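> I would like the atomic coordinates for the input below:
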Amino acid sequence: MEKIVLLTTLLTTFLFASVQVDTTYATLGAVAKRVGGDEVKVNVLANPKYDPHFITPKPSLIAKLRRADLLIINGGGLEIGWLPPLLRSANNAKIQNGAKGFLDISHFIHMIDVPTSVSRAYGDVHVEGNPHYFTDPHNILPMAKAIADKLIEIDPTHKQLYLQNLQNFEKEWTHFVKNFDQKMQACKTKKVVEYHELFDYFLRRYGIKSYANIEPLPGVSPSSKHTVVVIDIIKQNDIKKILQDVYHEKKTAKFIAAKADVKVVVVPHDVGAVDGSDTLEEFYNTIAQRICH
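Residues are numbered from 1 along each chain as shown. The predicted model follows:
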């Protein structure tokens with residue numbers, strides 16, 4: 001009987017949710033669910049275990065976009081390699097760039113590492129800055145506020161509900177971040193090397209220094225020469241950890257770790273990227289635990 005009641009509740013929420021929301025990534029989806037509550041049905045387009053720069057354009061994604069009332073994207077050029085053709089195929093006027101049902105969260109975030117000049121010689125540089133901003137938990141509330149404002153714009157009937165959900169979430173998240181920041185005080189002396197500049201927002205927030213990237217340039221595979229340079233940097237600076245993500249090849253990091261006697265830790269770049277990171281709170285706690293301990 002309990003299973004029947006649960007199934008009925010889920011079906012009711014799916015069928016009668018006021019707003020169909022698509023988000024490009026899981027962290028965006030997690031925030032949208034906290035703000036939208038039962039009035040939204042959230043679909044996450046990208047699998048968090050894969051490279052967020054390149055998502056396979058499956059027909060199922062086109063179908064989701066075709067039904068959406070609101071599309072929430074990360075922005076900062078992160079989706080440029082895969083989203084535009086899907087939007088063209090979906091042919092949904094409500095969620096095209098510039099339409100009421102289109103929300104680019106990067107417009108509400110202070111982007112870091114904005115290049116002064118752009119050239120292919122610098123690798124796959126993002127013109128608007130580093131797009132991996134939601135590794136910083138302090139960026140979650142600006143994201144939530146932007147989502148709440150957009151939901152109110154397209155679904156004003158439920159304005160008070162969205163405002164109440166936002167208020168509740170702000171209270172919960174402020175408490176979480178306050179405690180999280182206190183815990184991170186003990187982590188400021190850590191030194192790391194990254195594979196790709198996925199965690200720069202988190203590292204900068206908490207005063208953790210990254211000395212090098214395994215990629216010689218963004219999107220460029222590591223060469224033997226650069227690998228030797230990274231090994232020397234690790235040894236010279238007494239670095240103890242390499243931050244590896246779930247989707248880049250792991251062979252190079254393991255080779256460097258063996259030569260330099262350091263540890264490789266797999267850190268989630270998105271909610272659900274690794275086991276035990278399926279909620280916002282779990283996501284940040286997992287990042288902290290794997291970098292700091």
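> how about the longest helix along the chain: buried residues?
Scanning the chain for the helix with the most residues, using DSSP state H, yields helix 159-184. Of all the residues in helix 159-184, those buried under the rule 16 or more other Cβ atoms under 10 Å are 161-162, 165-166, 169-170, 173, 176-177, 180, 184. The C-beta positions use only the backbone N, C-alpha and C, and glycine is treated the same way.
> cool, and stretch 40-50?
Per 16+ other Cβ under 10 Å, stretch 40-50 contains these buried residues: 40-48.
> Looking at the residues you listed, which two lie furthest apart in space?
40 and 47 (20.6 Å; Cβ to Cβ).
> how about the helices of the stretch 151-293 of the chain, start to end?
Taking DSSP state H, counting those that start in this stretch to define them, one finds helices in the stretch 151-293 of the chain at 159-184, 200-205, 224-237, 251-260, 280-292.
> how near is the most centrally placed residue in the chain to residue 17?
Centroid check for the chain by Cα atoms, centre = their mean gives residue 270 as the closest residue, at 4.3 Å. Counting by Cβ to Cβ, to the nearest Å, the separation of residue 270 from residue 17 is 23 Å.
> Same check on residue 213?
Residue 213 is 42 Å from residue 17, by Cβ to Cβ.
> Of the two, which one has the most company?
residue 213 (20 against 17; other Cβ atoms under 10 Å).
> so who does that one touch?
193-197 (Cβ atoms under 8 Å, 6 or more residues apart in numbering).
> now swap in residue 259 and tell me
Residue 259 neighbours (Cβ under 8 Å, 6+ apart): residue 231.
> What is the three-state secondary structure of residue 41?
At residue 41 the chain is in strand, as set by DSSP: H, G, I helix; E, B strand; the rest coil.
> what ranges of this protein fall below the confidence cut-off?
Applying pLDDT under 70 to the chain flags residues 1-16, 117-126.
> all strands of it, in order?
For the chain, strands defined by DSSP state E occupy the ranges 19-23, 40-44, 70-73, 102-104, 191-194, 209-213, 241-244, 263-266.
> Turn these into TSV, columns for distance to residue 93.
Shown next, in TSV, are the strands of the chain (distance: least, Cβ to Cβ, whole Å):
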stretch	distance to residue 93
strand 19-23	14
strand 40-44	18
strand 70-73	12
strand 102-104	10
strand 191-194	40
strand 209-213	41
strand 241-244	41
strand 263-266	41
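> Which one, of those strands, ends up nearest to residue 146?
Residue 146 lies closest to strand 102-104 among these, at 6.6 Å (Cβ to Cβ).
> so what strands line up beside that closest one?
Paired with strand 102-104 in the same sheet, following DSSP bridges, are strand 70-73 (parallel).
> Mind listing what's buried along the strand it pairs with?
Applying 16+ other Cβ under 10 Å to strand 70-73 flags 70-73 as buried.
> Give me the contacts around that strand.
In contact with strand 70-73 (Cβ under 8 Å, 6+ apart) are residues 19-24, 28, 32, 65, 79, 83, 87, 94-95, 101-105, 147, 150-151, 154.
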